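Engineer: what would the 3D arrangement of this be:
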Amino acid sequence: MDSRRLHRKTVGTPTLRRSVMTTLTFGLDIAKNVFQVHGVDGQCKLRLQRKLRRGEVLRFFARLEPCLIGIEACHSSHYWGRELSKLGHQVRLIPTQYVKPFVLGGKNDANDAAAVCAALRRADIHSVAIKSAEQQSVQSLHRMRERLIHERTAKSNQIRSMFAEEGFVFATSIGKLRSSVASLVGNPNATVTPLLRRLGAMYLEQIATLERWLAELTTQLRDIFSQREDCQLLASVPGIGPVVATALVGTVGDPRQFKNGRQFAAWVGLTPRQRSSGGKVRLGRISKRGDTYLRTMLVQGARAVMRFMGRRADRQALWLQRLVQRRHQNVAVIALANKIARIAWAVLARRIAYSPA
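Structural biologist: Next up, the predicted model:
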């Protein structure tokens, strides 16, 4: 059959011959309700371009032989990756920053699907590993815990600013703030208006609720930490506790997707940004790519290790002490976070606990 006649027959038609679709590569632009499919053959010629409703996506791909499908890594992409993989297809999630350069023309669903398909055919573009439902649940738990901490901080700052307008300045500690406001609100002789007294009581109730939720989420994280062997192995690394260990397991999953520890540290964003040209290597600040939350956890763990480096005499502590003598402490913290990330990858990949030399 002539290729032009085949193109006219397949593009946008609801009924597709199974033999025609076996060698196609698909770019799938996902959304809430309307999805766009872009299929090309081995010679990169367009063979299929059509829209699908949400309920039609799995039925459409269930009729096809196993093929390669590319999806832009975004919300719900891991769900669709899991579902399409169950149908026997090979699914690759392409990072958004690698898809954008392939967009031709204006931004619309058809051009986005074509860009995903074009990026999918580049062998040097690394894909995102598809996360399991359990991994995403652990990530959601961490995100909710982080959001509650931010809300508690915001409520505390609102209370301080509200009472500072009346001349009452409280300590920065959450515990001291609660006790100070409670004693002030409960003191009938305090020079506080009835309205401000009631507002202070309402803020205290909100903070108490946030802290109760935070305690519940922290308990759940500790339960996950105690039940998983990989989390226990990660806890052997200085600077990694239950929160960081569960965040690593929930975000990384399979460490074999990274070639080595340096690649993992670069994925987290803890390696220098390169601006090299003409054979001259120029390294700047860290790239800050990847998961911001995970990178923040690793940096905080490194700061905790820095506080007690004088009490240790192992090789890492001696390296830190020499580094602090010649570089700023913040630079040493980032260098230590990079080293913790590399050690964490080695622990997960080799399934052995960390043993300091």
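Engineer: let me see the contact set for the nearest residue to L24 once chain neighbours are set aside.
Structural biologist: Spatial nearest neighbour of L24, chain neighbours left out: G39 (4.3 Å); criterion: C-beta to C-beta, 6 or more residues apart in numbering. In short, each C-beta sits where N, CA and C put it, glycine included. Residues near G39 by C-beta atoms under 8 Å, 6 or more residues apart in numbering: 21, 24-27, 46-49, 117.
Engineer: which residues in the stretch 1-150 of the chain form strands?
Structural biologist: With DSSP state E, counting those that start in this stretch as the criterion, the stretch 1-150 of the chain has strands at 25-29, 34-40, 46-53, 68-72, 90-94.
Engineer: mind checking those strands for the one nearest to S276?
Structural biologist: Comparison of the strands of the stretch 1-150 of the chain against S276 by C-beta to C-beta identifies strand 90-94 as nearest, at 25.5 Å.
Engineer: before we move on, back to that, reformat the strands of the stretch 1-150 of the chain as CSV; add mean pLDDT and distance to I159.
Structural biologist: Formatted as CSV, the strands of the stretch 1-150 of the chain follow (pLDDT from 0 to 100; distance: least, C-beta to C-beta, whole Å):
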stretch, mean pLDDT, distance to I159
strand 25-29, 94, 46
strand 34-40, 94, 46
strand 46-53, 92, 49
strand 68-72, 94, 43
strand 90-94, 93, 43
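Engineer: possible to save these as a markdown table with distance to R289?
Structural biologist: Formatted as a markdown table, the strands of the stretch 1-150 of the chain follow (distance: least, C-beta to C-beta, whole Å):
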| stretch | distance to R289 |
| --- | --- |
| strand 25-29 | 24 |
| strand 34-40 | 27 |
| strand 46-53 | 32 |
| strand 68-72 | 17 |
| strand 90-94 | 15 |
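Engineer: got a pLDDT number for P95?
Structural biologist: pLDDT recorded at P95 is 90.
Engineer: look up phi and psi at it.
Structural biologist: Dihedral angles of P95 (phi, psi; degrees, to the nearest 10) stand at phi -60, psi 150.
Engineer: my read: it touches L120, true?
Structural biologist: No. Between P95 and L120 there is no contact under C-beta atoms under 8 Å: 11.9 Å.
Engineer: which of these two has more residues huddled nearby?
Structural biologist: L120 (25 against 17; other C-beta atoms under 10 Å).
Engineer: pretty sure the more buried one contacts L93?
Structural biologist: No. Counting by C-beta under 8 Å, L93 is not a contact partner of L120; they are 10.1 Å apart.
Engineer: quick check: neighbours shared by those two?
Structural biologist: G70.
Engineer: do you know how far K339 is from L320?
Structural biologist: Plainly put, K339 is 9 Å away from L320 if you go by C-beta to C-beta, to the nearest Å.
Engineer: which stretches in the stretch 151-300 of the chain count as helices?
Structural biologist: Here the stretch 151-300 of the chain has its helices, by DSSP state H, counting those that start in this stretch, at 174-186, 194-227, 229-234, 242-252, 261-268, 292-307.
Engineer: gap between H75 and G261?
Structural biologist: 29 Å.
Engineer: out of these two, which sits in the busier spot?
Structural biologist: G261 (20 against 9).
Engineer: that one: what's it in contact with?
Structural biologist: By C-beta under 8 Å, 6+ apart, G261 lies in contact with 341-343, 345-346.
Engineer: and it, how far from T271?
Structural biologist: Distance from G261 to T271, by C-beta to C-beta: 11 Å.
Engineer: ok, now C117?
Structural biologist: Applying C-beta to C-beta to C117 and T271 gives a distance of 30 Å.
Engineer: which one of the two is surrounded by more residues?
Structural biologist: The neighbour count for C117 versus T271, taken as other C-beta under 10 Å, is higher for C117 (28 against 19).
Engineer: show me what contacts the nearest residue to the more buried one once chain neighbours are set aside?
Structural biologist: Among residues not flanking C117 along the chain, G27 sits closest, at 2.9 Å (C-beta to C-beta, 6+ apart). Shown in contact with G27 (C-beta under 8 Å, 6+ apart): 37-39, 69-70, 113-120.
Engineer: buried among those? Need that as a selection in PyMOL.
Structural biologist: PyMOL command restricting these to the buried ones, with burial defined by 16 or more other C-beta atoms under 10 Å:
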select buried, resi 37+38+39+69+70+113+114+115+116+117+118+119+120
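Engineer: reformat the contacts of G27 as JSON lines; add distance to S355.
Structural biologist: Below are the contacts of G27 laid out as JSON lines (distance: C-beta to C-beta, whole Å):
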{"residue": "V37", "distance to S355": "51"}
{"residue": "H38", "distance to S355": "51"}
{"residue": "G39", "distance to S355": "52"}
{"residue": "I69", "distance to S355": "43"}
{"residue": "G70", "distance to S355": "42"}
{"residue": "A113", "distance to S355": "49"}
{"residue": "A114", "distance to S355": "51"}
{"residue": "A115", "distance to S355": "47"}
{"residue": "V116", "distance to S355": "44"}
{"residue": "C117", "distance to S355": "47"}
{"residue": "A118", "distance to S355": "47"}
{"residue": "A119", "distance to S355": "42"}
{"residue": "L120", "distance to S355": "42"}
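Engineer: just give the number of residues close to I149.
Structural biologist: 13.
Engineer: neighbours of the closest residue to it other than its chain neighbours, just the number please.
Structural biologist: For I149, ignoring the flanking residues on the chain, the nearest one in space by C-beta to C-beta, 6+ apart is L214 at 6.9 Å. L214 is flanked by 16 other residues according to other C-beta under 10 Å.
Engineer: any idea how many residues pack against T96?
Structural biologist: If we define neighbours as other C-beta under 10 Å, then T96 has 12 of them.
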